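Engineer: pasting the structure only:
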């Protein structure tokens, strides 16, 4: 019986969340309001683009062949440097220095 009560409660909560979401998007004529970009959204996007141009971000992805290594195992890895905004190959960085700090 607990599972049916839990299922009923999850359906009720999902319905309430959906109703509040739809209710907030209703306009005066009763149709759903399309997700429009207003001046605030344009202003925020412009600020984010200016920030990304001024301080671009690179991300380093390192992929290994095993989650754990035993002493004496060979470590095989692949490394990629990507642009933080587009996740395409970075045009700024092309050299990666890797240093193993301890045997652990």
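Structural biologist: Great, that's in hand. As the structure is a prediction and not an experimental result, all values here were calculated from the model.
Engineer: going forward, measure contacts and count neighbours with C-alpha atoms only.
Structural biologist: Will do.
Engineer: Give me the phi and psi for residue 69.
Structural biologist: phi -120, psi 150 (degrees, to the nearest 10).
Engineer: Ends of stretch 72-90, what's the gap?
Structural biologist: 34 Å (Cα to Cα, to the nearest Å).
Engineer: Also stretch 60-72?
Structural biologist: 26 Å.
Engineer: now swap in stretch 48-68 and tell me
Structural biologist: 39 Å.
Engineer: quick one: buried residues of that stretch?
Structural biologist: Within stretch 48-68, the residues that count as buried by 16 or more other Cα atoms under 10 Å are residue 58.
Engineer: And whatever helix or strand residue 80 lives in, what's buried?
Structural biologist: Assigned by DSSP states H and E, residue 80 belongs to strand 77-83. Using 16+ other Cα under 10 Å as the test for burial, strand 77-83 gives 80, 81, 82, 83.
Engineer: got a list of contacts for that strand?
Structural biologist: 56-65, 88-91, 93-94, 96 (Cα atoms under 8 Å, 6 or more residues apart in numbering).
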